[in-house]
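**Student:** Show me the folded form of this:
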Amino acid sequence: MNAQRPIHEFFGEPVLSIPIRFKKLKVIETDQENNIYLLSPTRHWLHKIYSNTAYDSVQTIGGKGIGNEGFNHPSKIVVPNRQSVFVLDELNRRIVQLNTNLKVTRETNFLTLLNNLPFSDLSNLLPIGFTVGPTGELFLLNQEDLKVWKFTLDGTLERAFSGLDYGEGSVTDPCDISINRDSDIFVVSCEDQSISVFDLFGTFQYRLKIPTPFEWDRAKVYARTVTYFNDSLLFFYNTFTHKAGPYLRTEEDIVDLDLNGEFMFVLFEKRINLYRINK
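**Tutor:** Residues are numbered from 1 along each chain as shown. A predicted model of the protein is given here:
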């Protein structure tokens, strides 16, 4: 097992440290242009910080509301391509699709989706996580039955998979879901410290149960790298090479992080550090 190292010892000092003035941020996501998206669930805000202004320009939408650009506990954001941003507006029971200017272009209402399932015994659709497929399909990780429900762009149910009774692909306490560039679906189980991997059709592929040197409470997937982390520790695993490590620590608590092809963005309480991945 790799020895623990300070984060700056492995990545070097951050290439940029961006001070932030927003309070109660919980989620960070980035896009292909290195723009930064930040969610404050309890304050109901979405902030976008633009890279083309050296991170000096911010756009904000939200505030507590029930429609259009209002949110009620926005808890996850997915940026699958250069044109779209998706936000899980949890207590409004919807997923909102926005363009890059943060204008609402589409809304997927969970009550409407549920009404389109007349032969299902599902009484509630309450996603605790979601991801977006390559053609815009939605994969919703549902709190009630712990299944992943796959809907096409027009709201048609395509299939459901995982859950408590899915053979090798069963899960007992999933906490998040994501997709990688190979269109593999990763269902993260924090309590079990494992990740179940499915293809786009819900066929179980394999389970990742890596002996990490600490108990993690979040996992992020980028390309073929899984980053496991908690408040101050990070551990990396490559699903292609099966290489484990490095094992890193930070000097202050991590709120959240995101990776893309160039940088790792680490959100702390008062700043965002950018560490260059490819030196």
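**Student:** So for the nearest residue to residue 253 once chain neighbours are set aside, what's the pLDDT?
**Tutor:** Sequence neighbours aside, residue 231 is the residue nearest to residue 253 in space, at 4.6 Å (criterion: C-beta to C-beta, 6 or more residues apart in numbering). Where C-beta positions appear, they are placed from N, C-alpha and C, glycine not excepted. Note for residue 231: predicted pLDDT of 97.
**Student:** in the chain, which spans are helices?
**Tutor:** Using DSSP state H, the helices assigned to the chain run over residues 7-11, 110-115.
**Student:** what's in contact with the shortest one?
**Tutor:** Residues from elsewhere that reach helix 7-11 (C-beta atoms under 8 Å, 6 or more residues apart in numbering): 14, 234, 246, 248, 249, 250, 264, 266, 275, 276, 277.
**Student:** Mind picking the two most distant members of those residues?
**Tutor:** 249 and 276 (18.8 Å; C-beta to C-beta).
**Student:** what about stretch 235-250, average pLDDT?
**Tutor:** 96.
**Student:** Would you mind pulling the contact partners of that stretch?
**Tutor:** With contacts defined as C-beta under 8 Å, 6+ apart, stretch 235-250 is touched by 1-7, 10, 208, 210, 212-214, 216, 224-229, 232-234, 266, 268.
**Student:** Filter those residues down to the buried ones.
**Tutor:** 7, 208, 210, 212, 214, 216, 225-229, 233-234, 266, 268 (16 or more other C-beta atoms under 10 Å).
**Student:** Counting neighbours, what do you get for residue 182?
**Tutor:** 11 (other C-beta atoms under 10 Å).
**Student:** do the same with residue 200
**Tutor:** What residue 200 shows, counting by other C-beta under 10 Å, is a neighbour count of 18.
**Student:** before we move on, the earlier item: keep only those of the contacts of stretch 235-250 that are in strands.
**Tutor:** 4, 5, 6, 208, 225, 226, 227, 228, 229, 233, 234, 266 (DSSP state E).
**Student:** so which two of these are the farthest from each other?
**Tutor:** 6 and 208 (26.1 Å).
**Student:** Buried ones in the lowest-mean-pLDDT helix or strand in the chain, by neighbour count?
**Tutor:** Within the chain, confidence by mean pLDDT, DSSP states H and E is lowest for helix 110-115 among all helices and strands, at a mean of 90. Neighbour-count burial for helix 110-115 flags 110, 113, 114 (criterion: 16+ other C-beta under 10 Å).
**Student:** Repeat that for stretch 9-26.
**Tutor:** Buried residues in stretch 9-26 (16+ other C-beta under 10 Å): 11, 14, 16, 18, 20, 25, 26.
**Student:** go on, stretch 181-196?
**Tutor:** 184, 185, 186, 187, 188, 189, 190, 193, 194, 195, 196.
**Student:** got a list of what the third one touches?
**Tutor:** Translated: residue 186. 177, 178, 179, 180, 195, 196, 197, 219, 221, 226.
**Student:** Give me the distance between residue 233 and residue 174.
**Tutor:** Computed as C-beta to C-beta, to the nearest Å, the residue 233 to residue 174 distance reads 22 Å.
**Student:** got it, and residue 227?
**Tutor:** Where residue 174 is concerned, residue 227 sits at a distance of 18 Å (C-beta to C-beta).
**Student:** Also residue 5?
**Tutor:** Separation of residue 5 from residue 174 (C-beta to C-beta) stands at 31 Å.
**Student:** Right, I'll leave it there.
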